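Colleague: Sequence and predicted structure, then a few things I'm wondering about:
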Amino acid sequence: MSLSSCASATSGDADATSPIVEQEQEQEQEQEQSDPVVDTSEDDDASSTVIPAGARPASAAFPFPVPEDWPELDAFAEEKIGKDIAMSGTLSFPGDAQSASATYQKLLEDAGYEIHANPLGEQVHLASFVVKGKVDGTGYSGTIDFDTDAADTPRTVINLTED
């Protein structure tokens, strides 16, 4: 059979859909319906910053999640470090530094942030980790350190720099 005869033999069936094609289309539709939609756009706004249960935004202008029941010692403020824009703030944490660090790491993971160990920070602080993710559509990374101050008040210092 020549190619032209194959083409003419199938051209009459152009309107008919094979059962295999129909089955594949149904499977694709089912997969699309079952897959969660993940927004990977670069145009995220404040409404897309995830604040999980047990958290609140660090401030109205900087919706980075912080534990809702940790009192603020120093309000979040924008700073310039060299050519980079940075945000920093200080909170008081309950209990011991290791437990507080684990709690905060879980909260940030629930909000979609990457968490990494900070071995150097753990040499000079009671606990420390590195966080990376977007706040209000802008990429930030930095450290979260757990210490006590001169009055023995437990404090969490959050220093984030724009990526």
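Modeller: Sure thing, it's come through.
Colleague: Sketch out the low-pLDDT regions of the protein for me.
Modeller: Applying pLDDT under 70 to the chain flags residues 1-47.
Colleague: the helices in it, which residues?
Modeller: Using DSSP state H, the helices of the chain run over residues 3-11, 19-34, 97-110, 119-124.
Colleague: which other helices and strands contact the third one?
Modeller: What it means is helix 97-110. strand 65-67, strand 114-117, strand 127-135, strand 138-148, strand 154-162 (3 or more Cβ pairs under 8 Å, 6 or more residues apart in numbering; DSSP states H and E). Yep, even glycine has a C-beta here, placed from its N, CA and C like the rest.
Colleague: Now do the contacts for the residue nearest to residue 133 when sequence neighbours are not counted.
Modeller: With sequence-adjacent residues excluded and distances taken as Cβ to Cβ, 6 or more residues apart in numbering, residue 133 is closest to residue 113, at 3.7 Å. By Cβ atoms under 8 Å, 6 or more residues apart in numbering, residue 113 lies in contact with 131-133.
Colleague: Show the buried residues in those.
Modeller: Using 16 or more other Cβ atoms under 10 Å as the burial test, the contacts of residue 113 include 131, 133 as buried.
Colleague: Can you add distance to residue 83 and give the contacts of residue 113 back as a markdown table?
Modeller: As requested, the contacts of residue 113 are exported to a markdown table (distance: Cβ to Cβ, whole Å):
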| residue | distance to residue 83 |
| --- | --- |
| 131 | 21 |
| 132 | 19 |
| 133 | 21 |
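Colleague: Nearest to residue 54 among the contacts of residue 113?
Modeller: Nearest to residue 54 among the contacts of residue 113: residue 131, at 16.4 Å, using Cβ to Cβ.
Colleague: That closest one against residue 163, yeah?
Modeller: No: the criterion here is Cβ atoms under 8 Å, and residue 131 misses it with residue 163 at 11.7 Å.
Colleague: Mutual contacts of these two, please.
Modeller: Residues touching both residue 131 and residue 163 (Cβ under 8 Å, 6+ apart): 140-141.
Colleague: May I have the phi/psi pair for the residue nearest to residue 133?
Modeller: Dihedral pair for residue 113: phi -90, psi 150, per degrees, to the nearest 10.
Colleague: Can you give me the distance of it to residue 83?
Modeller: To residue 83, residue 113 is 24 Å away according to Cβ to Cβ, to the nearest Å.
Colleague: Distance from the chain centre to stretch 59-76, please.
Modeller: For stretch 59-76, the separation from the chain centroid amounts to 17 Å (computed by Cα atoms, centre = their mean, to the nearest Å).
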